[in-house]
Structure formats: structure tokens, C-alpha cells
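Chemist: Attaching a predicted model along with its sequence, questions to come.
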Amino acid sequence: MKDHKDIEDNYPENQRNPGPSEEAVKEKDDKSASKTLNWVIIVAVVVLAIIIFMYYY
């Protein structure tokens, strides 16, 4: 079995400081999928509203 460095083994330390790791907090957001997904959802809702408005009125 390989020795994995990602496996947590210091549980008492994490109980005193239960927040996310410093690497996770300071990680650079180089993938903007969330921004794109927000715009896609907004555009889809607007298009759907226009289609529903045209169909019913």
C-alpha cells in the first residue's frame, strides 16, 4: 500500500481549527466556469420568459 500524503492523520489539530485549509482559501480561481454558468442560467431564464410571454399573450 502506498503512503499517501493527502490522507489526514492529525485529527486533534483539525478539531481546534476546523476551517478549510490555507491552500483552499488562497487558491487562484483560474477556471471561470461558475461565471459562465451564471450567465447561461440568466440568459436561459430570460429566453424562457420571452417564449412564455409570447405564447400566452
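Modeler: Yep, it's here. Owing to the predicted nature of the structure, the values given are computational and were not obtained by experimental measurement. Residues are numbered from 1 along each chain as shown.
Chemist: Give me the pLDDT value at the residue nearest the centre of the chain.
Modeler: The C-alpha lying nearest the average C-alpha coordinate of the chain belongs to Ser34 (CA atoms, centre = their mean; 6.8 Å). pLDDT, Ser34: 79.
Chemist: Can I get the stretch of helix or strand it belongs to in CSV? Just the C-alpha atoms.
Modeler: Ser34 is part of helix 33-56 when elements are defined by DSSP states H and E. Output of helix 33-56 as CSV, limited to C-alpha atoms (Å, rounded to 0.1, in the frame of the first residue of the first chain):
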residue,chain,number,x,y,z
ALA,A,33,-17.0,28.0,-15.2
SER,A,34,-19.1,29.4,-12.4
LYS,A,35,-19.2,32.9,-14.0
THR,A,36,-20.1,31.3,-17.4
LEU,A,37,-22.8,29.1,-15.8
ASN,A,38,-24.4,32.1,-14.1
TRP,A,39,-24.7,33.9,-17.4
VAL,A,40,-26.1,30.8,-19.1
ILE,A,41,-28.7,30.5,-16.5
ILE,A,42,-29.7,34.1,-16.7
VAL,A,43,-29.9,34.0,-20.5
ALA,A,44,-31.9,30.8,-20.4
VAL,A,45,-34.4,32.3,-17.9
VAL,A,46,-34.9,35.4,-20.0
VAL,A,47,-35.4,33.4,-23.2
LEU,A,48,-37.8,31.1,-21.5
ALA,A,49,-39.7,34.2,-20.1
ILE,A,50,-39.9,35.7,-23.6
ILE,A,51,-41.2,32.4,-25.0
ILE,A,52,-43.8,32.0,-22.3
PHE,A,53,-44.9,35.7,-22.7
MET,A,54,-45.3,35.3,-26.5
TYR,A,55,-47.2,32.1,-26.1
TYR,A,56,-49.7,33.3,-23.5
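Chemist: Give the buried residues for it.
Modeler: Within helix 33-56, no residue counts as buried by 16 or more other CB atoms under 10 Å. Heads up, the C-betas are built off the backbone N, CA and C, glycines and all.
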